[in-house]
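Enquirer: model this:
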Amino acid sequence: MSGHGTPIPMTSRRASPLRGEAHVPGDKSISHRALILGAMAVGETRISGLLEGEDVLDTAKAMQAFGAEVINHGGGEWSVFGVGVGGFAEPGSVIDCGNSGTGVRLIMGAMATSPITATFTGDASLNKRPMARVTDPLALFGAQAVGREGGRLPMTIVGAAEPVPVRYTVPVPSAQVKSAVLLAGLNAPGKTVVIEREATRDHSERMLAGFGAEITVEDTDEGRVITLTGQPELKPQVIAVPRDPSSAAFPVCAALVTPGSDVLVPGIGLNPTRAGLFYTLQDMGADLTFENPREEGGEPVADLRARYSPDMKGIAVPPERAASMIDEYPVLSVVAAFATGTTMMAGVKELRVKESDRIDAMARGLRANGVTVEEGPDWWSVEGCGADAVPGGGLCESFLDHRIAMSFMVMGMGAQEPVSVDDGSPIATSFPIFEQLMADLGANIGRSNR
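Expert: Got it, this is the predicted structure:
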């Protein structure tokens, strides 16, 4: 059964050329952070372009539960009237974060240094995901966590009554862990220091600075050292959320594998810590160009044009690029099936603990559609079939994972036979307009059994 209600089986069939503009939703990572920091500022933060998927809406509800006033004006326009750093009230009921690992981990960080208690839960997928990677560093501030075996939700966090600043080295690249520690550091006295050996997406650092926090970032022999001075008064902001590069990945990759396609995806955020997929696709020989580069809301932005690319070659993706494209490996593996030669993806252990074990989920689905896949604990490889030569015809399990479901819908657009997933309902968590957007481009996706 789906963690999102009744399962929605979906089938994607070979499409006519995809043509037109794909206006994808706002960036999910930035949307979460805008709501949370808006709730921790004093006054009204105005947000435009907010992603209105289930994950972000759950974060908005959580901020209301902690005492902020959150108003939806319609059309992606929102207001958050914040309560200030340290001003969170104790919620009166359990905080349900749905499918969102980002939401629950960032919110835990934001409340962990206030003298309040909150209990968190989620859907069937989220409740299987490990939380110790966040609760361990939060314990250093003085917070306590009690959850199910293996550090899993439902979980109660008892915030630190007298928090202390910490110095923490993130053991594996994770923007969620880094951000949770920084958010906790906001209400701790003194300086909280986070060290990451590999740079991860830096939306939190950029946005904290925008809200008026004293934060510095320095590259050293230890790695990337981020120092945050605690107990600032955050100032409300006007935030324009750029369009999500992780969502843009799906129409872009669909155009690359569907004969005759030419798709423009306007206004995509190209933060260097998020754009690894697009550079990887170019390395493979994809006809992908960046048009009209500009800056919006402190983030680099451009329009992406993707055209059918029958001559792509498999490559070894640089492991150091993993942090900048960790959510895009599922759809990259689909593109790899339409290339020639082997695409090797290493240094991706993080994929084992996302909404699903994404390496296992994609390997199963690719094999069901006639593609050869090898895998190890932190790597996998896809043997390309070549353009217009992916057999398809398989039924894939989505494992309650939106990116798995959308990746196999992309595969069906270029495969010889239709590709199906058992449940496409999780797509609504991050990309609620996915089906309509792809249909407007010419895709043939149906809600039906095979």
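
Enquirer: When you work out contacts or count neighbours from here on, use the C-alpha atoms and nothing else.
Expert: OK.

Enquirer: in the stretch 201-350 of the chain, which segments are predicted with low confidence?
Expert: Counting by pLDDT under 70, the ranges of the stretch 201-350 of the chain that qualify are 297.

Enquirer: how about 80 then?
Expert: The model of the stretch 201-350 of the chain has pLDDT under 80 over residues 296-298.

Enquirer: Going by residue numbers, what spans are helices in it?
Expert: All helices of the stretch 201-350 of the chain, identified by DSSP state H, counting those that start in this stretch, fall at 203-210, 245-257, 276-283, 329-337.

Enquirer: Would you work out how far apart the start and end of stretch 144-161 are?
Expert: 11 Å (Cα to Cα, to the nearest Å).

Enquirer: Can you give me the buried ones in that stretch?
Expert: Going by neighbour count (16 or more other Cα atoms under 10 Å), the buried part of stretch 144-161 is 144-145, 147, 151-160.

Enquirer: okay if I get the residues you listed as a markdown table plus distance to residue 304 and secondary structure?
Expert: As requested, these are exported to a markdown table (distance: Cα to Cα, whole Å; DSSP: H, G, I helix; E, B strand; the rest coil):
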| residue | distance to residue 304 | secondary structure |
| --- | --- | --- |
| 144 | 45 | strand |
| 145 | 43 | strand |
| 147 | 43 | strand |
| 151 | 40 | coil |
| 152 | 39 | strand |
| 153 | 39 | strand |
| 154 | 40 | strand |
| 155 | 41 | strand |
| 156 | 43 | strand |
| 157 | 42 | strand |
| 158 | 45 | strand |
| 159 | 44 | coil |
| 160 | 45 | coil |
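
Enquirer: can you tell me which of those residues lies nearest to residue 67?
Expert: Lowest distance from residue 67 to the buried residues of stretch 144-161 (Cα to Cα) belongs to residue 159, with 15.8 Å.

Enquirer: Report pLDDT for that closest one.
Expert: Reported pLDDT at residue 159 in the predicted model: 98.

Enquirer: Go ahead and confirm it touches residue 117.
Expert: Yes. Using Cα atoms under 8 Å, residue 159 makes contact with residue 117 at a distance of 5.9 Å.

Enquirer: quick check: domain ranges of the protein?
Expert: Following automatic domain parsing, the chain resolves into domains at 10-26+242-446, 28-240.

Enquirer: List the neighbours of the host helix or strand of residue 435 that are in contact with it.
Expert: Using DSSP states H and E, residue 435 sits in helix 434-441. With Cα atoms under 8 Å, 6 or more residues apart in numbering as the test, helix 434-441 has contacts from 18, 19, 20, 21, 22, 23, 24, 251, 263, 427, 445.

Enquirer: what about the first one, distance to residue 369?
Expert: Which is residue 18. 22 Å.

Enquirer: residue ranges for the strands of the stretch 151-300 of the chain, please.
Expert: 152-158, 167-170, 191-196, 215-219, 224-229, 238-240, 262-269, 287-296, 299-307 (DSSP state E, counting those that start in this stretch).

Enquirer: Need these in JSON lines (columns: distance to residue 53).
Expert: Formatted as JSON lines, the strands of the stretch 151-300 of the chain follow (distance: least, Cα to Cα, whole Å):
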{"stretch": "strand 152-158", "distance to residue 53": "22"}
{"stretch": "strand 167-170", "distance to residue 53": "29"}
{"stretch": "strand 191-196", "distance to residue 53": "30"}
{"stretch": "strand 215-219", "distance to residue 53": "30"}
{"stretch": "strand 224-229", "distance to residue 53": "30"}
{"stretch": "strand 238-240", "distance to residue 53": "17"}
{"stretch": "strand 262-269", "distance to residue 53": "17"}
{"stretch": "strand 287-296", "distance to residue 53": "22"}
{"stretch": "strand 299-307", "distance to residue 53": "21"}
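
Enquirer: So which of those strands is the most surrounded?
Expert: With neighbours taken as mean count of other Cα atoms under 10 Å, the strands of the stretch 151-300 of the chain reach their highest mean count in strand 262-269, at a mean of 24.

Enquirer: what angle sits between it and strand 287-296?
Expert: Angle, strand 262-269 to strand 287-296, by axes from the mean of the first three to the mean of the last three Cα atoms, to 10 degrees: 30 degrees.

Enquirer: Which strands or helices does strand 262-269 pack on?
Expert: Packed against strand 262-269, as judged by 3 or more Cα pairs under 8 Å, 6 or more residues apart in numbering; DSSP states H and E, are the following elements: strand 19-21, helix 245-257, strand 299-307.

Enquirer: So which of these is nearest residue 359?
Expert: Nearest to residue 359, of all the helices and strands packed on strand 262-269, is helix 245-257, at 17.3 Å by Cα to Cα.

Enquirer: Strand 287-296 and that closest one, what's the angle between them?
Expert: Counting by the same axes, to 10 degrees, helix 245-257 lies at 160 degrees to strand 287-296.

Enquirer: Using PDB, list the CA coordinates for helix 245-257.
Expert: Below are the C-alpha coordinates for helix 245-257, written out as PDB (Å, rounded to 0.1, in the frame of the first residue of the first chain):
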ATOM      1  CA  PRO A 245      16.800  21.800 -10.700                       C
ATOM      2  CA  SER A 246      15.800  18.300  -9.400                       C
ATOM      3  CA  SER A 247      12.400  18.700 -10.900                       C
ATOM      4  CA  ALA A 248      13.900  20.100 -14.100                       C
ATOM      5  CA  ALA A 249      15.900  16.900 -14.500                       C
ATOM      6  CA  PHE A 250      12.800  15.000 -15.600                       C
ATOM      7  CA  PRO A 251      11.700  17.000 -18.600                       C
ATOM      8  CA  VAL A 252      15.300  17.600 -19.600                       C
ATOM      9  CA  CYS A 253      16.200  13.900 -19.500                       C
ATOM     10  CA  ALA A 254      12.900  13.000 -21.200                       C
ATOM     11  CA  ALA A 255      13.800  15.300 -24.100                       C
ATOM     12  CA  LEU A 256      17.300  13.700 -24.400                       C
ATOM     13  CA  VAL A 257      15.900  10.200 -24.800                       C
END
